[in-house]
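**Q** Below: sequence and its predicted model.
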Amino acid sequence: MDAALEDRTDALFRALADRTRRDILRRSLVQEYSVSALASFYNMSFAAVQKHVAVLENAGLLVKRRRGREALAHGRVEAVRSAAMLLDELEELWRGRVARIDDLLAQDDNTPS
Amino acid sequence: MPVVNVSHDLETLTLSITAEFAAPVQRIWALYADPRQLERVWGPPSHPATFVDHCLKVGAKTTYYMTGPEGEKYYGYWVLTKVDEPHGFEFDDGFANAEFEPNLDMPVSKNVYRFEAIASGTRATYIGTYASREGLEQVLAMGIVEGATSAINQIDALVSG
């Protein structure tokens, strides 16, 4: 491992070693949020949330773009996941569905008619 | 285990799963046709699904949302493109806003569900195709991935406590 990669790995883990930052990342993976919109989710100051966003940004987990006066943040899943891993995760989700269908069907037999 | 086959196509970003259920095709169809039964199986325990409008007819629009552990809601919709009761249906699955208006900036996935009678019950084939890796990422980022399978949730588990 070269030093630059080690630094990036450190930044990544440091960024994710905080509950609020993981929550910000989860939300911003789904859609873009302005920092003030993100701040409304937490019981902390705008400045504190802004700091969390900056840590995620420095770790390459989140990018910001400007729209007018707002800074919109969105998460970068590709920083931590490859396409193969994504299909694996989707498979897990679908397997979960199949298992739940199986459970639901099993209840048919147990329900007195 | 009811899952009998899985295939991943990284080129076309397509996932195919074949499962066998010990129930007739009509029963499987009825599950998908009934929003109350569908929502019991659609979302993982951490993100239960609620189907608002749902009708398996060509051109019909299904609207649903999933609720995350902290009450956050993820809205989606299906447009039924092909329906062959009880043998299967096809639909486009997309993201929406809270009014269920399609979010056209987000990619739509194409889904083909088929139910075929076999001696032991039903063989169900599910095929989902994503237009882009980004689209697939968004779907998974909706938090619909169960527990340890999500990279973030894994980290969550590792560092919490």
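**A** Yes, it's here.
**Q** Tell me where chain B has helices.
**A** If DSSP state H is used as the criterion, the helices of chain B fall at B:25-33, B:35-42, B:133-139, B:151-159.
**Q** Mind checking the pLDDT average for stretch A:36-49?
**A** Stretch A:36-49 carries an average pLDDT of 94.
**Q** what about the longest helix in chain A?
**A** Per DSSP H, chain A has its longest helix at helix A:83-110.
**Q** Any figure for the gap between the residue in chain A that chain B sits nearest to and A:Ala73?
**A** Going by C-beta to the nearest C-beta, chain B is nearest to A:Leu29 of chain A, at 3.4 Å. All C-beta spots, glycine's among them, are computed from the backbone N, C-alpha and C. Using C-beta to C-beta, to the nearest Å, we find A:Leu29 at a distance of 10 Å from A:Ala73.
**Q** Of the two, which one has the most company?
**A** A:Ala73 (24 against 20; other C-beta atoms under 10 Å in any protein chain shown).
**Q** which residues sit against the strand or helix carrying that one?
**A** Taking DSSP states H and E as the definition, A:Ala73 sits inside strand A:70-75. Outside strand A:70-75, the residues that touch it by C-beta atoms under 8 Å, 6 or more residues apart in numbering or on different chains are A:24-26, A:28-29, A:31-36, A:38, A:53, A:56-57, A:61-66, B:141.
**Q** Filter these down to the buried ones, PyMOL style.
**A** To isolate the buried subset of these in PyMOL, counting by 16 or more other C-beta atoms under 10 Å in any protein chain shown, use the following:
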select buried, (chain A and resi 24+25+26+28+29+31+32+33+34+35+38+53+56+57+61+62+64) or (chain B and resi 141)
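**Q** mind listing what the spatially most central residue of chain B touches?
**A** Taking C-alpha atoms, centre = their mean, the centroid of chain B lies closest to B:Trp42, which sits 6.2 Å from it. Contact partners of B:Trp42, counting by C-beta under 8 Å, 6+ apart, are A:Arg97, B:Ala49, B:Phe51, B:Tyr64, B:Met66.
**Q** hmm, try it at 7 Å
**A** A:Arg97, B:Ala49 (C-beta atoms under 7 Å, 6 or more residues apart in numbering or on different chains).
**Q** Now do the closest residue to B:Thr12 other than its chain neighbours against B:Pro35, distance only.
**A** Spatial nearest neighbour of B:Thr12, chain neighbours left out: B:Thr129 (6.2 Å); criterion: C-beta to C-beta, 6 or more residues apart in numbering or on different chains. Distance, B:Thr129 to B:Pro35, using C-beta to C-beta: 24 Å.
**Q** and the gap between B:Val58 and chain A?
**A** Here the distance between B:Val58 and chain A works out to 23 Å (C-beta to the nearest C-beta, to the nearest Å).
**Q** For that residue, give me the pLDDT.
**A** Reported pLDDT for B:Val58: 97.
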